[in-house]
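Q: A structural model of the following input is requested.
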Amino acid sequence: MSKPRSLDLPARTRAYRLRTPRQEFAVLDSRPDGQPRGTVLLVPGYTGSKEDFLALLDPLADAGYRAVAVDGRGQFESPGPRWPAGYTPRALGGDVLAQAAALGDGPVHLVGHSFGGFVARSAARLDPSAFRSLTLLASGPGRVAPEQRTKIRLLQAALPVLPASWVWSVTQWLDGRDPAFVPDPPEIVAFLGRRWFSTQPAQLIATGRQLRIEPDRTEGLAKLPLPLHVAYGDGEMVWSLSELAHMARSTGARHTVIRGADHSPNVSHPQELTAALTEFWAGVTAGSGAA
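A: Got it, this is the predicted structure:
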């Protein structure tokens, strides 16, 4: 999961519920001081939330972009069904289309982090005309690496039969046994707990299953009529660096590797990521002739 390092809301950011015909979604909406150069929709990953993009909102606004981070259905502060069948790729992709339309800015730049990349590409397949570009951030072509599949399988098995508090305690204990573990500040620990207990277990079960079994979608990505960007840190561990690089080459995508970053460049390297994103978007704008 991504862990925000601060929960402070940037001055130009507003938290509210975005109304769509499908349901309401909790969002963080950051706007630049002048006329936006474009609008960006940020989709979080597995066990994540809109707060995963907090560090990115101000840099994007400084660069002239309206940036909107969203909790998907069943994630943290957005409601969602209590059964796994409510979280199909088509349903989640349809939600993103509804969110993009509700923002009222025409086609948006779409960024999906980790599992959010799966959701974003589902939305792009359903209706590519809703988007100006697609960025897959630390998001691979198919199922996650074996170690990650094992962790998710254990989580899937535990959630239906054990109290959520027990599962949370075990995950925290396992994290603490990692040699690279660094304790989080108390306010971040409290936030992570609130997010865990607010997220629908069915969402975690269904989306975890997709992360374990998703086939390689490289061929389909290459056929999308959208400018594509593949970005990740050189310390990425959820997907192998080789398969991410192969996906970028095979799809003709713009390819960014952020030095010193791991699975969450949006948290650890927001300035570097913003520079890569805005350079990509500037090229998209120049190529299309659009404002």
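
Q: List the buried residues of the least confident helix or strand in the chain by mean pLDDT.
A: Every helix and strand of the chain was ranked by mean pLDDT, DSSP states H and E. The lowest is helix 164-176, at a mean of 78. Within helix 164-176, the residues scored as buried using 16 or more other Cβ atoms under 10 Å are Val167, Thr171. Backbone N, C-alpha and C define where each C-beta goes, glycine included.

Q: which secondary structure elements does the very next helix or strand once past it contact?
A: Scanning forward in sequence from helix 164-176 by DSSP states H and E, the next helix or strand is helix 186-198. Packing partners of helix 186-198 (3 or more Cβ pairs under 8 Å, 6 or more residues apart in numbering; DSSP states H and E): helix 164-176.

Q: by contact count, what packs against the helix it packs on?
A: helix 146-158, helix 186-198.

Q: Apply 10 Å and report the result again.
A: With contacts taken as 3 or more Cβ pairs under 10 Å, 6 or more residues apart in numbering; DSSP states H and E, helix 164-176 sits against helix 146-158, helix 186-198, helix 201-213.

Q: For this structure, which segments count as helices?
A: Secondary structure of the chain (DSSP state H): helices at 54-62, 89-103, 115-126, 146-158, 164-176, 186-198, 201-213, 218-223, 241-251, 265-268, 270-288.

Q: Kindly export stretch 215-223 (C-alpha atoms) in CSV.
A: The C-alpha atoms that make up stretch 215-223 are tabulated as CSV, following Å, rounded to 0.1, in the frame of the first residue of the first chain:
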residue,chain,number,x,y,z
PRO,A,215,-3.6,-11.9,-17.7
ASP,A,216,-1.0,-9.9,-19.6
ARG,A,217,-2.8,-7.0,-21.2
THR,A,218,0.1,-5.6,-23.2
GLU,A,219,-1.4,-6.4,-26.6
GLY,A,220,-4.7,-4.6,-25.6
LEU,A,221,-2.8,-1.6,-24.3
ALA,A,222,-0.9,-1.3,-27.6
LYS,A,223,-4.2,-1.0,-29.4
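
Q: can you pull the buried residues of it?
A: For stretch 215-223, by 16+ other Cβ under 10 Å, it's Arg217, Thr218, Leu221.

Q: If we only consider these, which is nearest to Ala67?
A: Nearest to Ala67 out of the buried residues of stretch 215-223 is Leu221 (Cβ to Cβ; 23.4 Å).

Q: Can I get the helices of the chain in JSON lines including distance to Ala26?
A: Formatted as JSON lines, the helices of the chain follow (distance: least, Cβ to Cβ, whole Å):
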{"stretch": "helix 54-62", "distance to Ala26": "13"}
{"stretch": "helix 89-103", "distance to Ala26": "11"}
{"stretch": "helix 115-126", "distance to Ala26": "15"}
{"stretch": "helix 146-158", "distance to Ala26": "23"}
{"stretch": "helix 164-176", "distance to Ala26": "20"}
{"stretch": "helix 186-198", "distance to Ala26": "10"}
{"stretch": "helix 201-213", "distance to Ala26": "14"}
{"stretch": "helix 218-223", "distance to Ala26": "29"}
{"stretch": "helix 241-251", "distance to Ala26": "30"}
{"stretch": "helix 265-268", "distance to Ala26": "18"}
{"stretch": "helix 270-288", "distance to Ala26": "21"}
